[in-house]
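[1] got a sequence here, can you build the structure:
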Amino acid sequence: MLNGELRMTGSGSAIPMQPEVAGNNAQDQEWVETRFGRVRLQRDNPIVFPNGMLGLPDRMKFCLTRFPSEKMARFMLLQSLDDPGLSFITLPLDLKNTILAEEDILQAARDLEIAPEALAMLLVVSVHREQAGVRLSVNARAPVLVNARTRTAAQFVFSSNKYEIRHLITL
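    You can find the predicted model right below:
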């Protein structure tokens, strides 16, 4: 994240977050209660998943917003605009990171016809409440790749078992 924006992995440019950071018109904004807390959304410039999210083919329009907890400030909420009850905690990820290999990310982007300089990436986060406490994991096998120019996205599934569906992370 850079100044409230999701950076594209290639050029350092960004997808403006919705809505308060992007400076959008207040009349197009709305507050929504999510299971994580109250967030502000803007519907006029969604991120579109033409084929929906995995397992949710009819949920196509989303927006990114700040996670409504300071403790989780490095995460973003991917909020469905089709279903106010549907949202995902996501972790923005740079091209150079410790979870996914750069060459695999670039190949996935090529497969989805996303230019490297237009690529932004998110990992879907899961919260696991265990006897020892709360643990977080990301789905490293199926990152969300966003074309920041066209604001289209897809959840890309790596075919190998190289990446874990439950890759543990720490705050």
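[2] tell me the strands beside the strand ranked longest in the chain, with direction?
    As assigned by DSSP state E, the longest strand anywhere in the chain is strand 119-130. Its sheet considered, strand 119-130 pairs with strand 87-93 (antiparallel), strand 133-138 (antiparallel), strand 144-147 (antiparallel) by DSSP bridges.
[3] any idea of the mean pLDDT for that strand?
    In this model, strand 119-130 carries a mean pLDDT of 93.
[4] pull out the buried residues from it.
    119, 120, 121, 122, 123, 124, 125 (16 or more other Cβ atoms under 10 Å). C-beta here means a position set from N, CA and C on the backbone, and glycine is covered the same way.
[5] low-scoring stretches of the protein, by residue?
    1-28, 171 (pLDDT under 70).
[6] how about a cut-off of 80?
    Applying pLDDT under 80 to the chain flags the ranges 1-30, 32-38, 40-43, 68-69, 171.
[7] residue nearest the centroid of it?
    Compute the mean C-alpha point of the chain, and by Cα atoms, centre = their mean the closest residue is residue 122, 3.8 Å away.
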